[in-house]
Structure formats: structure tokens, C-alpha cells
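**Student:** model the following, please.
(one chain, ligands or ions: 1)
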Amino acid sequence: MPIFENTFIAVYVLVLLFIFGTIFASFIACTAGRVLAGVDWVHGHSHCDTCGHELAIGDLFPIVSYIALKGKCRYCGARVPISCLFTEVLLGVAFVLTAVANPYIDAVLLRNLALEVILLGISLTDIWQHKITNGFLFAAIAVYILTEPFMPNLTSYALDGVVASVGISAVLLIASTIMEKAVKKTIIGGADLKLFAVMFLFTGLWNGLFMLILTCLSGLIGMLVSRKKKIALAPFISGATVFVLLVGDYFVNSYLTLIGG
Ligand SMILES: [Zn+2]
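**Tutor:** Okay, the predicted model is just below:
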């Protein structure tokens, strides 16, 4: 179903997507925290990290609760990190941009939205504890398998993803192993390599290479700006993946036309 045929429907869908984005961000941040803490993430109630008080429905509305409670816990007054608000707005905006880039309510849209939720979870666990859990990677693979039959140009699409995943990952593994031998330092962690391999399934070959370049450039800038020798790579892989899934075809096609003459 096209989104932008009618202004009312367009505004309605985009507002709804923004709200869903903020809700999913708050859900996945909570899940990521529980996965790292090794507690049951399916059951159990949300609680304040400082005083442990169980949170009521009124405390759990994304953005609205944060502003209404002025970024503090209602029970103990402890500050809720501003990063909570930031991730909620971030995913809300990402959901809206995803619909703008692919203005149809179809499998491609659903796949991209689901992947963005998982990537936010992966980025948070990597930022918090330098961990990328297999559970999130399996969730991404499940999204790939479940949505693949509904993709346009199925056969070439699926083949492209698998070739990219195996091919680029193998080259990446060999290159990083050789470089590690040379400089005696870890270049790309094993978990990052796994994340790359899963993301190449979604991007395919050309967009995968584009994503790799974007990750390296943005990661390098991130290292320079933060002045740290080791940074969490998952947020950069995630950002680059979402970027190429939304607008990568445009850049890749322009490039291929350029070198094709
Ligand atoms: Zn509290």
C-alpha cells in the first residue's frame, strides 16, 4: 500500500511510525539491559535502576514520561540518563525516514523496521559492555529468513545477500588476520565480524562494500572525536547498514553508471 498518495494517510502513518519507534526503542533498551544482566527479559516488570521501585504504566511512556517527570525517577528522584530520551527520538526518526525512503507498507518496510530495532539493541549492548550477544544476531537472521520470500526479485536478491555475506566476510577475516599479525593488535573483534556477516545478508554485495567503507570512515571519525583507542564498532556498523538500506541503491547505481561510462 502506497503511503504518500493521500496527505492525511501520509501524516497519520508517519506520526504512528514515530510513536512506534519510540516505544520499540524503550522496549529494546530495556531488553538489552536485561540480556546483559542475565535476567529474564520476557517476564518481569520494569524498575528504576537506582531505587529498584517497580515502574507504573504512567512512568513508561516514551519521551512523554521523560519530559513530564523532568528526567527523574518519580520515586527516588534519581536522574534518568538523557541517552534514554536520545535513543527513543533516534529510533522514532529512523522509522519515519525508513518510510520516506520506501513509501509502501510492505515486507521491505517491515524488514527494515525490525532490523533497526535489533540494531539498536546490539549497539546499546556494545556501547555499555563491549558485547554483541548471539541472541540479537539470531533475531536478525530470523528477520532475514522470514521476510526473504516476500522481497522483490527474490532469486537474485537472496543470492546477492548470501554471496556478500560469505564473500566479503571471508576477505575481511583474512585481511584483519594478516593486519593483526603485522601490528599485533586486534583490528576487528570476532563479534564485529559476525555482525558484519549478518548485515551483508541484508545489504547484498555492492551496498555491502559501500556499508563497509562508511563504517570505516565513520568509525575513524568517531575514534578521532572521542580520542579513544578502542571504541564500540556496532553503532557505526548499524548506522552504515541503515543508511545503505535506505539510500544505498541511489549512490551505488550512480557509481556503477559512472564507471560503466
Ligand atoms: Zn528510583
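**Student:** what's the burial count for whichever residue of the stretch 151-261 of the chain sits closest to the ion?
**Tutor:** Here the stretch 151-261 of the chain gets closest to the ion at one residue, Ala232, 27.0 Å apart by CB to the ion. (Each C-beta comes from the backbone N, C-alpha and C, glycine too.) By the measure other CB atoms under 10 Å, the count of residues near Ala232 is 23.
**Student:** list the contacts for the closest residue to it other than its chain neighbours?
**Tutor:** Leaving aside its chain neighbours, Ala232 sits nearest to Asp126 (4.0 Å; criterion: CB to CB, 6 or more residues apart in numbering). Remark: with contacts taken as CB atoms under 8 Å, 6 or more residues apart in numbering, Asp126 is in contact with 132, 191, 232-235.
**Student:** give me the below-cutoff pLDDT ranges for the stretch 151-261 of the chain.
**Tutor:** 155, 261 (pLDDT under 70).
**Student:** separation between the residue nearest to Ala232 and the ion?
**Tutor:** 26 Å (CB to the ion, to the nearest Å).
**Student:** what helix or strand is that residue on?
**Tutor:** Assessed by DSSP states H and E, Asp126 sits inside helix 107-129.
**Student:** what comes up buried for that helix?
**Tutor:** 108-109, 111-126 (16 or more other CB atoms under 10 Å).
**Student:** before we move on, the earlier item: I'd like the contacts of Asp126 written out as a markdown table, with secondary structure added.
**Tutor:** Conversion of the contacts of Asp126 to a markdown table gives the following (DSSP: H, G, I helix; E, B strand; the rest coil):
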| residue | secondary structure |
| --- | --- |
| Ile132 | coil |
| Ala191 | helix |
| Ala232 | coil |
| Leu233 | coil |
| Ala234 | helix |
| Pro235 | helix |
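**Student:** could you identify the most distant pair in the residues you listed?
**Tutor:** Ala191 and Pro235 (13.3 Å; CB to CB).
**Student:** just give me the closest of the contacts of Asp126 to Leu209.
**Tutor:** Leu233 (17.0 Å).
**Student:** shouldn't the closest one be in contact with Gly190?
**Tutor:** No. In this structure, Leu233 is not within contact of Gly190 by CB atoms under 8 Å, at 11.6 Å.
**Student:** quick one: name whatever helix or strand follows the helix holding Asp126.
**Tutor:** helix 134-147.
**Student:** which is the next helix or strand following that next one?
**Tutor:** helix 154-183.
**Student:** would you check how far apart the most centrally placed residue in the chain and Val162 are?
**Tutor:** The centroid of the chain falls nearest to Leu119 when counting by CA atoms, centre = their mean (2.5 Å). Going from Leu119 to Val162 by CB to CB, to the nearest Å gives 20 Å.
**Student:** mutual contacts of Leu233 and Gly190, please.
**Tutor:** With CB under 8 Å, 6+ apart, Leu233 and Gly190 have no common neighbours.
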